[in-house]
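Have a look; sequence and predicted model below, questions after that.
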Amino acid sequence: MSTKLDEMLGFAKELEEAGISNGDLTKKLEARIQVRNLSKHIAKARPMSGDEIKKLRDRYNISQASLALALNMTKESVSKWERGEIKPNGAALRMLNLIDKQGLKIITA
């Protein structure tokens, strides 16, 4: 299925072939398309409540400090997540999701 981005890429390639463009636009569009295609295959990280994070730690019998170390976070951040003061996001949330689905082996391998 052709999208506007794919059409733009085709036009950028034509400009490059005609010597009007140096190829920078083509490379940028190809990178955008690659990100778009990759994002179709990567699930969004599921938000986790403080109770879920506490249950995760209990399931694997690890301390807040150990979980913080594994996630490259502070113990205080993990504590605040569990109390509901702040919510994990970004890479930390993605890692929590992976630990929840695949276990601690995902960070110890």
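Yep, it's here.

All the strands of the protein, residue numbers only.
Applying DSSP state E to the chain gives no strands.

average pLDDT for the top helix by length along the chain?
Ordering each helix of the chain by length in residues (DSSP state H) puts helix 24-39 first. The pLDDT scores in helix 24-39 average 91.

Give me the buried stretch members for that helix, please.
By 16 or more other Cβ atoms under 10 Å, the buried positions in helix 24-39 come out as 25, 26, 29. Just so you know, the C-beta spots here come from the backbone N, C-alpha and C atoms, and that holds for glycine as well.

Likewise for stretch 13-20?
Going by neighbour count (16+ other Cβ under 10 Å), the buried part of stretch 13-20 is 13, 16.

State the number of residues packed around residue 12.
20 (other Cβ atoms under 10 Å).

which residues touch it?
When contacts are counted by Cβ atoms under 8 Å, 6 or more residues apart in numbering, residue 12 touches 21, 25, 26, 29.

Confirm for me that the last one is in contact with residue 3.
No: shown here, residue 29 and residue 3 do not form a contact pair, counting by Cβ atoms under 8 Å, at 11.1 Å.

residues in contact with the helix or strand of the chain with the lowest mean pLDDT?
Least confident helix or strand of the chain, by mean pLDDT, DSSP states H and E, is helix 105-108 with a mean of 85. Helix 105-108 is contacted from outside by 70, 95, 98, 99, using Cβ under 8 Å, 6+ apart.

If we use 6 Å, what do you get?
Residues outside helix 105-108 that contact it (Cβ atoms under 6 Å, 6 or more residues apart in numbering): 70, 98, 99.

can you put those residues in CSV and add distance to residue 81, pLDDT and neighbour count?
Shown next, in CSV, are the contacts of helix 105-108 (distance: Cβ to Cβ, whole Å; pLDDT from 0 to 100; neighbours: other Cβ atoms under 10 Å):
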residue, distance to residue 81, pLDDT, neighbour count
70, 14, 93, 19
98, 16, 95, 14
99, 13, 96, 22
